[in-house]
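[1] quick one: sequence plus predicted model below, questions after.
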Amino acid sequence: MSASVACPVFAEVSDLAPPTPETLTCSFTLPPGPASPRIARVTARAVLHGHGLDDMADAVVQVVGELAACACRFTPRDEVYVSLRYREGTLRVVFYDGHRRHEHPRLIAACDARRRSALRVLGCVVRACEGEWGIGEAREPGGGTRMWAVVPRRGARVYAGSGADRRPGPDRETLAVS
């Protein structure tokens, strides 16, 4: 008499392919407390390391920390949502907080100005990486505010000071090849 197996058989851990940069899709929620930016930075560094993106860590960890601090400062809700996704040589970092967008144009402008002021360092890091960032209304159910940054891997390497990917430009020195 043979026994039948009712549960599916899962692949052994050794049969699974290791994570690669292109498989990086990670999201998590944080409480809006003073420890949350640190938790977000530590988590981002571990996720990047696990996906072979250590060369992006300096820039991305700074970006994540700045966005987390701003989101935790502005959200009136119990959590902040974080998303990291790597595709085609670029890492996209998105934060959603529960601060609804204002309806009056002057309040929108004032609130955005406060956020942009709080994100000055983020702006410098993202510019140094030749990326982009922004603030807008969350398109998700429940509303709120969406803050995001796009960090190209090549720019993050330059930010980290490797110099290997440095390209000549109007503000950059051309590296001499010995």
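    Arrived safely. Residues are numbered from 1 along each chain as shown.

[2] can we go C-alpha only for contacts and neighbour counts from here?
    OK.

[3] alpha carbons of stretch 122-142, in PDB - could you do that?
    Taking Å, rounded to 0.1, in the frame of the first residue of the first chain, the C-alpha atoms of stretch 122-142 are listed here in PDB:
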ATOM      1  CA  LEU A 122      18.000  64.000  -0.100                       C
ATOM      2  CA  GLY A 123      18.000  66.400  -3.100                       C
ATOM      3  CA  CYS A 124      21.800  66.800  -2.900                       C
ATOM      4  CA  VAL A 125      22.400  63.000  -2.800                       C
ATOM      5  CA  VAL A 126      20.000  62.300  -5.600                       C
ATOM      6  CA  ARG A 127      21.500  65.000  -7.800                       C
ATOM      7  CA  ALA A 128      25.000  63.700  -7.100                       C
ATOM      8  CA  CYS A 129      23.700  60.300  -8.300                       C
ATOM      9  CA  GLU A 130      22.100  61.800 -11.400                       C
ATOM     10  CA  GLY A 131      18.700  60.600 -10.300                       C
ATOM     11  CA  GLU A 132      15.400  62.300  -9.600                       C
ATOM     12  CA  TRP A 133      12.900  62.600  -6.700                       C
ATOM     13  CA  GLY A 134       9.500  64.000  -6.000                       C
ATOM     14  CA  ILE A 135       6.500  64.500  -3.800                       C
ATOM     15  CA  GLY A 136       2.900  64.000  -4.800                       C
ATOM     16  CA  GLU A 137      -0.400  62.600  -3.900                       C
ATOM     17  CA  ALA A 138      -0.600  58.900  -3.100                       C
ATOM     18  CA  ARG A 139      -2.600  57.000  -5.800                       C
ATOM     19  CA  GLU A 140      -3.300  54.200  -3.400                       C
ATOM     20  CA  PRO A 141      -6.600  53.700  -1.500                       C
ATOM     21  CA  GLY A 142      -6.700  55.800   1.600                       C
END
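
[4] wait, a helix at Ser83?
    No: applying DSSP: H, G, I helix; E, B strand; the rest coil, one finds Ser83 to be strand, outside a helix.

[5] what's the burial count for it?
    Neighbourhood size, Ser83 [other C-alpha atoms under 10 Å]: 17.

[6] pLDDT wise, what is it at?
    At Ser83, the model reports a pLDDT of 97.

[7] do Val13 as well
    Value listed for Val13 in the pLDDT field: 59.
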